[in-house]
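Peer 1: fold the following for me, if possible:
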Amino acid sequence: MERNKNKKVIYFRKLSLPLALLACFLFLFQFLFAQTLPADNQIGAKQKSRHKQNTSLYQTQLKIWCDALLKIQLQKGQDEGGIFCESHGFVHGRCGDAVYPLLTLFKLTHEEKYRTAARKVYRWSEEHVSQPDGSWLNEAGGKNNWKGITCFSVLAIGEALRHHSDLLTKKENEEWRERLRKGADFILIYQTFETGDINYPVSAAAALALCYKILGDERYLVRAKALADFGLQHFTENALIWGEGVRGPNDTTPKGLRPIDVPYNMEESLANFALYGTLMGDEKVLATVAASYISHLNWVLPDGSMDAGWCSRQYKWTYYGSATSDGPAGGLALMQKRDLRFGEAALRNLKLRVALTHDGLLHGGPRLFERGVPVCSHHTFTSIKGLATAIDEGIQNTADVSLPNDKAFGLREWPEASVTQIGVGPWRASVTTNDIASSPKRGGHPMGGSLAMLWHNETGPIAVASMSDYKLYEGSNMQKPVSDSALFSLTPRIEVISNGIRYSNVYDGEAKSRSFSGDSVQLIVQGHLRDSNGNVLPGANASFQLTYTFTANSFQMAIYTVAAGARLLFPIVAASSERVTYKADSTLAVQKNASRIKIFGSDKRGWESITNTRVFNFVPGFEAVPVQIMLDKNGKGLIRIEVIK
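Peer 2: Numbers count the residues shown, from 1 in each chain. Next comes the predicted model:
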């Protein structure tokens, strides 16, 4: 019996060699065969396993947004495959960036409609905005021939290939890789250090690094490093990235300020810098980006919004971020392991975007939907790109952690931008004395000690800065007002009309401020009333003084000027659906869910008649009650605000 057992062992040992060879052959055949299968028949195993576990809000919202985009993706005609924009009446040129998030969603859901949509929008882009020189145009049909956005198209296709090439056929992979190469070669020639604002050279660095990883061309690596080194020169002492406007080492304003835009920084420049650092394993870049994100968190309010009424590209501020960038989730996901607050900030901002989504599409401000403003598709198809990065980088819903504005902090001074932040009790605010004046390229933001944000823990925003004069600095990226009430500046301000010309503190780039802090915080601003061109109000009575006082229980703004006919305009954020009443004690009350804003003024004339009146501005998309206070005979006026639970 033992002998037969040994024979059996010997037999299986002899058999094991050919079986092993057969197994190896079958494995090799299966592997090679899998690589040549049409993409319709395969899902990358690693990604499938990785994505199967991620059913977070990120995935849920990506599906909601993509489903809505599919409904407005044209299925026939000359623009077949393009994503139509109801607001502008055409297909935006950058909708091709949706190829990446649509493939991400296909991998998550296995629903073929998303891959089909990705293929169609890619084809639309190739037929309408792709150029023989390798670039892409910002818009089709001659509406905007800016080619700088090529770096963003390269990033979208590159990320689609890096994460999801297994979802494409061999022919598609070859075509997309060749298109990627043409785009990269164009960037090598076109993108100088000074082309566009700082988001362009930084994003081009990420695009070329990505192309190097996919295509292996050393030229891309060399240029990517040079652009990244240039980008590293654009951080202030407080780690804010600058360059959204005037750039160059000596290009500062008369006050020595730099153009800074928090939404563009968090959603585009830092996000793509984080991608570059991750791809290249560049610890210097990653450490710089982490420190900068930490600094930028000071501008994230507790509800996930961005305090950006003072920023250099404020004309695209939507309260949750910028109108045409990717959202902060992607960049913060890339950096999340370095600081849990990054994940918390991403989640809060996403929740705010969810709240401003209607019929599946993200609107460009808090009250656009209620006012019946046609929605611009741009907000949604760029936001899905950031969500795709967050999902593919494995972002998770975080445990609650505190952000800098969750607790009172007193004063924060930002000398590089001439902005002061205030955090007293439940109040959060910012006041700006910047001197970055409007120009044909940039502008609209307030100056002269303007209150850029007044926010309360119980009510959210009470006052916000909008464009001082609503102008379409980027026509295809901004929405057109249809009535005068939509042109009303929401910035609290002193205003005088003289000979048909408007003079205000918001136009004064030479105003100066000083602050005092203790149990309360006080800011005093002094300057001169000017028109939109910076001309001082004629005569000897152009000077003004603003005094802001913050206590745990109230906010107060006192003004002084002897300019004839001067008034204080203080629009109070209030939706048409929120009840505003004039009380027997001559105060105004705005009902905000479980709390009430109570407004006191030194002059109440006309208050009774404005309770049902609302003004509006697309920046950042709020409605407001136009509270007005005429000054007394001594040139003084005052408004005080309390919040009652």
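Peer 1: against H528, how distant is the nearest residue to S498 once chain neighbours are set aside?
Peer 2: Nearest in space to S498, with sequence neighbours left out and distances taken as Cβ to Cβ, 6 or more residues apart in numbering, is L537 at 6.3 Å. Using the backbone N, CA and C atoms, a C-beta is placed for each residue, glycine as well. L537 is 7 Å from H528, where distance means Cβ to Cβ, to the nearest Å.
Peer 1: for this protein, give me the ranges with low pLDDT.
Peer 2: Residue ranges of the chain with pLDDT under 70: 1-55, 246-250, 399, 438-443, 484-485.
Peer 1: what do you get if the cut-off is 90, keeping everything else the same?
Peer 2: Counting by pLDDT under 90, the ranges of the chain that qualify are 1-56, 194, 245-254, 396-400, 436-445, 469-487, 518-519, 539-540, 584.
Peer 1: domains in it, by residue range?
Peer 2: 42-399, 407-644 (automatic domain parsing).
Peer 1: among those domains, which is the most enclosed?
Peer 2: domain 42-399 (a mean of 21; mean count of other Cβ atoms under 10 Å).
Peer 1: just how off-centre is that domain within its chain?
Peer 2: How far domain 42-399 lies from its chain's middle: 10 Å, per Cα atoms, centre = their mean, to the nearest Å.
Peer 1: identify the residues contacting stretch 85-92?
Peer 2: 72, 74, 79, 82-84, 124, 128, 139-141, 143, 373-378, 381, 476, 479 (Cβ atoms under 8 Å, 6 or more residues apart in numbering).
Peer 1: kindly report the same for stretch 142-156.
Peer 2: With Cβ under 8 Å, 6+ apart, stretch 142-156 has contacts from 90, 93-94, 96-100, 125, 131, 134-139, 180, 183-184, 186-187, 190-191, 195-196, 200, 203-204, 206-207, 210-211, 272, 275, 385, 475-476.
Peer 1: in strands, which of these appear?
Peer 2: F90 (DSSP state E).
Peer 1: among the contacts of stretch 142-156, which lie within helices?
Peer 2: Judged by DSSP state H, the subset of the contacts of stretch 142-156 located in helices is 99-100, 125, 180, 183-184, 186-187, 190, 200, 203-204, 206-207, 210-211, 272, 275, 385.
Peer 1: could you grab the helix/strand/coil label for S295?
Peer 2: helix (DSSP: H, G, I helix; E, B strand; the rest coil).
Peer 1: ok, the closest residue in space to it that isn't next to it in sequence - contacts?
Peer 2: Closest residue to S295 apart from its sequence neighbours, by Cβ to Cβ, 6+ apart: A239 at 3.9 Å. Each residue near A239 by Cβ under 8 Å, 6+ apart is listed here: T288, A291, S292, I294, S295.
Peer 1: can you list these in TSV and add distance to T491?
Peer 2: Shown next, in TSV, are the contacts of A239 (distance: Cβ to Cβ, whole Å):
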residue	distance to T491
T288	33
A291	31
S292	28
I294	29
S295	25
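Peer 1: can you show me the strands along the stretch 401-550 of the chain?
Peer 2: 410-414, 419-424, 427-432, 450-456, 460-464, 493-498, 501-504, 512-517, 521-528, 543-550 (DSSP state E, counting those that start in this stretch).
Peer 1: closest to R579 out of those?
Peer 2: R579 lies closest, by Cβ to Cβ, to one member of those: strand 460-464, at 15.7 Å.
Peer 1: okay, the angle between that closest one and strand 450-456?
Peer 2: Orientation check (axes from the mean of the first three to the mean of the last three Cα atoms, to 10 degrees): strand 460-464 against strand 450-456 gives 160 degrees.
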